[in-house]
Structure formats: structure tokens, C-alpha cells
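**Q** Here is a sequence together with a model predicted from it:
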Amino acid sequence: MTAAPPHATAAGRLDAAGMVRTARERVVDRVREAEVVAAALSAGRNIVLEGPPGTGKTTLLRALADGTGVPLVLVEGNAELTPTRLIGHHDASRVLTEDYRPENFVPGPLTRAMTEGALLYVEEFNRVPEETMNVLLGVLSEREMHVPRFGRVAARPTFRLVAAMNPFDAVGTARITPALYDRSCRIAMGYQDEDAERAVVSTATGGPGGLVARAVRAVRITRDHAELRIGASVRGAIDTVLIAGELAAVRGLDGLAQPLDEAVGEDAALAALTGKVTLGDAVTRPVEQVVVDIWRRAGEELGKA
């Protein structure tokens, strides 16, 4: 019999306090979400984690997994994630010489997570094919699966599924069946407030406060801008600050000087943001013009910080 992971009981209850403690150390201003996710995982529940990109879903889950001592198996959800890729397959070259044997089965992420008692984290879950979702639903119901020519795979008590998705992304996605929600707890993670996002960017970049504030204000403007259908996440602010620092050096300027050279800031914002936002359907002017206007507006609101 395999021993239970550290901080987990034989019945599969996870150490919620340890998860939250680790999350507090690593994640900026996500205490409420950390507490709720930790409580749900400790209670043996699977989770649907909904939120736009850049809201720290993966960072939070990594911290929680480390805090309770269980592995985290990460899977990128997309149309190529077939049941075989999720479950695993027999090594074709070995099958030719050995026939089908348990020894030549190559486990996929689902099989590994079940046998290790891990958290299976599926990103972009609503991009997963329906037949693959059905495999996961079967495992959630029975906590086991039968793999042809391999045998029965049983989930260890600490196995959980966390399905993450962007609820605002409708291109190339599928509707999530009510059966998944019925077997899971839904937790929403929206964008953080401005002070928290400044702290995230400052920690990630070490950039000067004025530049960090302006970059954060700019990405926040993109999220409710009349000409944009999709705005930028905090990653847009991080990229803007990092690029601006390097661009200032390339141009022989002091990247820490405040206020920042306007041409440097605009060019950095263009590089960082134009690919992260999506124009509305009726908008005719180029995305570059929209981003420049947003960058200038952010500077005006902050007094050219």
C-alpha cells in the first residue's frame, strides 16, 4: 500500500491551513480565493476555476499544491487533447516485440494524477473535446477507470480535478456540461484591484513606481474601453515595464528616470499591448492608435507619472 502524501490523511483530506499559509507567502492579495479553494480541495471536492487570463489561477494552484505536499499535474486544454493523450498509450515499438503488457504502457497525465494522488489541473478546459470531457466525468463519478489492455486504474484519495477556463472566451470553445458543474464547485477569480496589480507588477519587474503605476492603469483602461472587445491582463503591464527599461537602455536613456521618456513608454506599450487586446467588431481604426490613446490617457490620469 502506498503511503499518503505529506499533509494528507489516508482518507484524502488535505491540509487546508498549510495550503493557505503557502499561498499567502507567494500570491499577492488572493487570500479569500486561496481560503475557498483550499477548503474545497480539503473537503474532497473538484473545482471549476473561472477567470480571465492573467488573474493568477495557475500561480495560486501551484502554491496550494506545494502547501499541502501533493503533486500538481498540469495539462493544457486544447482540441488535440484526445482521450488517448489524456489517459496514456502502449509503447508501439515494445508492443511489436512484447505484445500488450502493463510494463509497456506509457501513462498520460490523468493516469499519473490518479495513481499519484495529484491535483490534475486542466487549463482552458472549455477547449477540450467532448469525448475527453466525458472521460474526466466518468473518473469524477467512479474515481476509477478501465484502460483496455492495461487494466483498472483507481484514484488515490487525494486525487482532485481543477478545471480552469476563461468564461469570456467564446472562440473555439465548447459549452461545459451541467454534469461537470454538478460534480464540482465553481470559484470565480476576477481581476484584482489596482493596488494589488501594482504590487504584482512591481514584484515581477522591480520597475520604478511611476512606470509601474502607468502601465497598470493602461491595462485597466483596456478592460472597459469602448473600442476593445477584450482587454489586457496584468501581463500586459509587466511586459510594458520590462520592455520600457530595456528600450531606454538601448536608446542611451536612464530607464529609472521619472517621468519616463514618452517615446520609450509609447513604443513599449505598443509592443506589449497590441497583441493582447482585441478590437471591437465595428472599430475601423488600427489597434496601434487605440493603444497610444490609452497610454496617453493613463499618463494624463496619473499626471504623467
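**A** Looks like it arrived, so ask away. Here the structure is a predicted model, which is why all the values come from computation and not from measurement.
**Q** what ranges do the helices span in the chain?
**A** 16-26, 31-42, 57-68, 83-87, 92-98, 109-116, 130-142, 178-182, 194-205, 209-222, 234-250, 262-273, 287-301 (DSSP state H).
**Q** ok, of these, where does mean pLDDT dip lowest?
**A** Note on those: helix 92-98 shows the lowest mean pLDDT, a mean of 78.
**Q** sorry, back to before: and of the helices of the chain, who's closest to residue 157?
**A** Residue 157 lies closest to helix 109-116 among the helices of the chain, at 10.8 Å (CB to CB). Placement of C-beta: from N, CA and C, glycine included.
**Q** who touches the closest one?
**A** Contacts with helix 109-116, where a contact means CB atoms under 8 Å, 6 or more residues apart in numbering, come from 71, 73-75, 86-88, 107, 118-120, 135-136, 139, 144-145, 147, 153-156, 159.
**Q** per the record, what domains does the chain have?
**A** 16-188, 194-301 (automatic domain parsing).
**Q** Serialize these to JSON lines and add fields for mean neighbour count.
**A** Formatted as JSON lines, the domains of the chain follow (neighbours: other CB atoms under 10 Å):
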{"stretch": "domain 16-188", "mean neighbour count": "18"}
{"stretch": "domain 194-301", "mean neighbour count": "18"}
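**Q** Reformat the helices of the chain as TSV; add distance to residue 167.
**A** As requested, the helices of the chain are arranged in TSV below (distance: least, CB to CB, whole Å):
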stretch	distance to residue 167
helix 16-26	22
helix 31-42	15
helix 57-68	12
helix 83-87	23
helix 92-98	39
helix 109-116	24
helix 130-142	16
helix 178-182	12
helix 194-205	20
helix 209-222	18
helix 234-250	18
helix 262-273	22
helix 287-301	24
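**Q** For residue 280, which of those helices is the nearest?
**A** Using CB to CB, the nearest of the helices of the chain to residue 280 is helix 287-301, at 9.7 Å.
**Q** tell me which residues form a beta bridge with residue 184?
**A** Taking DSSP bridges as the rule, residue 184 bridges to residue 46.
**Q** What pLDDT is listed against it?
**A** 93.
**Q** Roughly how far does it sit from residue 14?
**A** 16 Å (CB to CB, to the nearest Å).
**Q** same check, this time on residue 118
**A** Here the criterion is CB to CB. By it, residue 118 lies 11 Å from residue 14.
**Q** got any residues that touch both of the two?
**A** Taking CB under 8 Å, 6+ apart as the criterion, residue 118 and residue 14 both touch 70, 158.
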